[in-house]
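Chemist: Quick one: sequence plus predicted model below, questions after.
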Amino acid sequence: MTKRAEPDGQTSGFMAYLKKRRQTLPTSFFSFLEDLLKSTLDPNPPVDLQIERAHRALAPTPSAEAKPRSIIAKFLNYRTKELVIKTAWEKKVVEWKGNRIFFDHDYAPDVLWKRRKYQDAKRMLREHDIRFQTRFPARLRVFYTEGTVIYNSAEEAATDMVKRGLPVTVLSTPSSLTERVQRLTWRKTGKKRDTPAHVHPSYKDKLLAFRRSQTED
């Protein structure tokens, strides 16, 4: 079935990412999603969600250590989808049974990949408290003190930001479909704590240290 395209190139579908990867989900995604959305978002006024389809993202089942797959749903009414996402974004933090949930539009894979390539630029902008907006389909609007700049690609953003003293790298193009799917899996936004390797040595380093100590004894 072909999705109905909207004026801005989006569809009446949306994506939700459950942070806890091994949470057991019910067989019926329809009833599950309706209960989840109504209990976590509590839309005002209450609406009939009219979910047409709902399923996990079409990707190989991840391992226990891998990031979880997204949940994709399609609403009969485009405005309902917009209300759900708007409500989720306004709440900023949405949780279900202690698990963080993230919401976004169901972009085409190419658009999603182009948006993902901005991730290092966005990280750098957050660290320097510079406001920005991600515009459809994959443009970045940055509000510098000298003025507003709109970048049409991650490469363009990186080139200009480096000149401004903001070192940025761009994700390389994945070499395989599997790698691309893995990279498109959602990640939690926000600053990551950079921990030197010598503070938390790997299990191999610990094993070598233990063997050396046994030899010395």
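Modeler: Arrived safely.
Chemist: number of nearby residues for residue 88?
Modeler: Residue 88 has 21 neighbours, counted by other CB atoms under 10 Å. Just so you know, the C-beta spots here come from the backbone N, C-alpha and C atoms, and that holds for glycine as well.
Chemist: what about it, which helix or strand?
Modeler: Here residue 88, judged by DSSP states H and E, is contained in helix 78-91.
Chemist: One more: residue 133?
Modeler: Assigning secondary structure by DSSP H and E places residue 133 in strand 132-135.
Chemist: Enumerate the positions of that strand that are buried.
Modeler: Buried residues in strand 132-135, counted by 16 or more other CB atoms under 10 Å: residue 132.
Chemist: before we move on, the earlier item: just checking, what packs against the helix holding residue 88?
Modeler: Counting contacts by 3 or more CB pairs under 8 Å, 6 or more residues apart in numbering; DSSP states H and E, helix 78-91 packs against strand 13-18, helix 29-41, strand 99-105.
Chemist: and that helix with helix 29-41, angle?
Modeler: With axes from the mean of the first three to the mean of the last three CA atoms, to 10 degrees defining the directions, helix 78-91 sits at 40 degrees from helix 29-41.
Chemist: Helix 78-91 to strand 99-105, inter-axis angle?
Modeler: For helix 78-91 against strand 99-105, the angle by the same axes, to 10 degrees is 130 degrees.
Chemist: Give me the buried positions along helix 78-91.
Modeler: 80, 81, 82, 83, 84, 85, 87, 88.
Chemist: How about stretch 154-163?
Modeler: The neighbour-count check on stretch 154-163 (16+ other CB under 10 Å) flags 154, 156, 157, 158, 160, 161 as buried.
Chemist: go on, stretch 68-77?
Modeler: 68, 69, 70, 71, 72, 73, 74, 75.
Chemist: Would you reformat those residues as CSV and include secondary structure?
Modeler: Shown next, in CSV, are these (DSSP: H, G, I helix; E, B strand; the rest coil):
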residue, secondary structure
68, coil
69, coil
70, coil
71, strand
72, strand
73, strand
74, strand
75, strand
